[in-house]
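Novice: Coordinates for the following, if possible.
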Amino acid sequence: MPLYYRSGALKEHLFCREQAAIFDVSHMGQIEIKNPSFPADIAAETILSGLEQLIPADLLSLPAGRQRYGLLLTPEGGIADDLMVMHMGDHIRLVVNAACVEKDMDYLRGHFENRLPLTLKQLPRALVAVQGPMAETVLSELIAGLADLAFMQLGHFSFDGHEVQISRSGYTGEDGFEVSLPHAAARSFVEAICATGKAELAGFVARDSLRLEAGLCLYGQDMDEGVSVMDAGLGWAVGRARRSGGEREGGFQGAERTLAEFKGGAAWQRVGARSHTNRPVRAGTQIFAEETATKAIGSVTSGSPAPSVGCPVVMMRFKGTHQISAGGVIWADVRGRRIALTICNMPFFAHRFKR
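Specialist: Numbering: from 1, shown residues only. A predicted model of the protein is given here:
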């Protein structure tokens, strides 16, 4: 994915919020997991049961034709990756971060070895995201029936004689779709979308500002193997059935730390803030409680201009012992200059998913 196309990152960002943007996210890993030793009607359930030992989501309640967000945890309770788990009927598909594909494949093979006779492979498929209020209208001109999909639902469709798998989901806070299709069909598919005149290509810069406005984390910045579920503010990704007192309490790697932090609090907390100036505050910037303070209380994990909000925004990680409330002011040190930030609730821009 390029940083931006001819129209520039700002126009791409706004076009996504106002109409529809096309993102080539084929760099993401698509991993297929099958269990040939079990009948088709229960094969997927055996895989989901095994994945629950690594992922604290409630996967056993995931019905066919749906997907769920999950966190792949290390034995120490750090986040090895964040991903989507898709129930394809007789097998499971994962969509994982590009930089984590090989690591995740090795991790999964090591976990399932001598447990289940699974087959894992990375699918040689393209992935195209179409996001924005016009996304449904645009894609309905090319593919019949996708308007019936609800948020986080997926289905099989056809485009120009090719089988495509579409989920109603995305990474911008907007309604939209993610389309998995053969590489041979990807170029003609994107060209057909562009030909409608209602969607434009967008690059990485717009994708990053859009997801940040939506308060969505980026792996490698807002979370990694040294960050726990609760440090990252992602407690909602732990299914109720997997929490203390739930019907399947724990049972996943890192459960001891995760459940303890649910009860007693984490060492860190993820917080959002708006800048008082138009000067962006970038990842890595140190944060201070007072303008003249010398000891940092945290740092910025993601920061960028937020065109739909009207000012730059940041996500930060603070020490859990520091008391913070919406409306409070803290200070970012940008090249020796202190810039005021106002704590606020996230998302910065309200989600517009089709529920």
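Novice: quick one: buried residues of stretch 259-270?
Specialist: Across stretch 259-270, burial judged by 16 or more other CB atoms under 10 Å covers Leu259, Glu261, Ala266, Trp268, Gln269, Arg270. The C-beta positions use only the backbone N, C-alpha and C, and glycine is treated the same way.
Novice: among those, which are in helices?
Specialist: Applying DSSP state H to these, the entries found in helices are Leu259, Glu261.
Novice: tell me which of the buried residues of stretch 259-270 is nearest to Val205?
Specialist: The closest of those to Val205 turns out to be Arg270 (CB to CB; 22.3 Å).
Novice: For the closest one, give its distance to Gly145.
Specialist: Distance of Arg270 to Gly145, computed by CB to CB, to the nearest Å: 38 Å.
Novice: The worst-scoring helix or strand of the chain on mean pLDDT - contacts with which helices or strands?
Specialist: The helix or strand of the chain with the lowest confidence, counting by mean pLDDT, DSSP states H and E, is helix 40-51 at a mean of 92. Helix 40-51 is packed against strand 29-34, strand 79-87, strand 92-96, with contacts defined by 3 or more CB pairs under 8 Å, 6 or more residues apart in numbering; DSSP states H and E.
Novice: Out of these, which gets nearest to Gly303?
Specialist: Checked against CB to CB, the stretch from the helices and strands packed on helix 40-51 lying closest is strand 79-87, at 19.6 Å.
Novice: Show residues contacting the least confident helix or strand of the chain.
Specialist: 33-36, 38, 59-60, 62, 64, 70, 85, 87-92, 111-112, 115-116, 118 (CB atoms under 8 Å, 6 or more residues apart in numbering).
Novice: the inter-axis angle of that helix versus strand 92-96?
Specialist: If you take axes from the mean of the first three to the mean of the last three CA atoms, to 10 degrees, helix 40-51 sits at 40 degrees to strand 92-96.
Novice: Any idea how far helix 40-51 is from the middle of the chain?
Specialist: Here helix 40-51 is found 24 Å from its chain centre; the criterion is CA atoms, centre = their mean, to the nearest Å.
Novice: Can you show me the helices along the stretch 1-150 of the chain?
Specialist: Taking DSSP state H, counting those that start in this stretch, the helices of the stretch 1-150 of the chain run over residues 9-18, 40-51, 101-112, 135-140.
Novice: Export these to TSV and append columns for distance to Glu225 and mean neighbour count.
Specialist: Below are the helices of the stretch 1-150 of the chain laid out as TSV (distance: least, CB to CB, whole Å; neighbours: other CB atoms under 10 Å):
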stretch	distance to Glu225	mean neighbour count
helix 9-18	30	21
helix 40-51	18	18
helix 101-112	10	16
helix 135-140	34	20
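Novice: In JSON lines, list these along with distance to Val334.
Specialist: Shown next, in JSON lines, are the helices of the stretch 1-150 of the chain (distance: least, CB to CB, whole Å):
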{"stretch": "helix 9-18", "distance to Val334": "21"}
{"stretch": "helix 40-51", "distance to Val334": "42"}
{"stretch": "helix 101-112", "distance to Val334": "33"}
{"stretch": "helix 135-140", "distance to Val334": "36"}
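Novice: quick one, which of those is nearest to Pro2?
Specialist: Pro2 lies closest to helix 9-18 among these, at 10.2 Å (CB to CB).
Novice: Hmm, Thr342 and Gly327 touching each other?
Specialist: Yes - between Gly327 and Thr342 there is a contact under CB atoms under 8 Å: 6.7 Å.
Novice: Same drill for those two, tell me which one is more crowded.
Specialist: Shown here are Gly327 and Thr342; by other CB atoms under 10 Å, Thr342 has more neighbours (15 against 9).
Novice: so what pLDDT did the residue lying closest to the more buried one once chain neighbours are set aside get?
Specialist: In this structure, Thr342 finds its nearest non-sequential neighbour in Arg274, 5.2 Å apart by CB to CB, 6 or more residues apart in numbering. Note on Arg274: pLDDT of 97.
Novice: Equivalent analysis for Pro36, please.
Specialist: The model's pLDDT for Pro36 equals 88.
Novice: Number of residues surrounding Ala129?
Specialist: 22.
Novice: And the residue lying closest to it once chain neighbours are set aside, how close does it get to Phe262?
Specialist: Nearest residue to Ala129, sequence neighbours excluded (CB to CB, 6+ apart): Phe23, at 4.2 Å. To Phe262, Phe23 is 34 Å away according to CB to CB.
Novice: correct me, but Cys100 touches Ile79?
Specialist: No - with contact defined as CB under 8 Å, Cys100 does not count as touching Ile79 (10.3 Å).
Novice: what residues are shared contacts of these two?
Specialist: Shared contacts of Cys100 and Ile79, counting by CB under 8 Å, 6+ apart, come down to Tyr219.
Novice: Neighbour count for these two, which is higher?
Specialist: Legend: neighbour count by other CB under 10 Å for Cys100 and Ile79, higher for Ile79 (24 against 19).
Novice: beta partners of that one?
Specialist: Note on Ile79: beta-bridge partners Leu73, judged by DSSP bridges.
Novice: residues contacting it?
Specialist: Residues counted as contacts of Ile79 (CB under 8 Å, 6+ apart) are Leu71, Leu72, Leu73, Tyr219, Met223, Asp224, Glu225, Val227, Ser228, Val229, Ala232, Leu234.
Novice: go again using 7 Å as the cut-off
Specialist: Contacts of Ile79 were listed using CB atoms under 7 Å, 6 or more residues apart in numbering, and they are Leu71, Leu73, Met223, Asp224, Glu225, Val227, Val229, Ala232.
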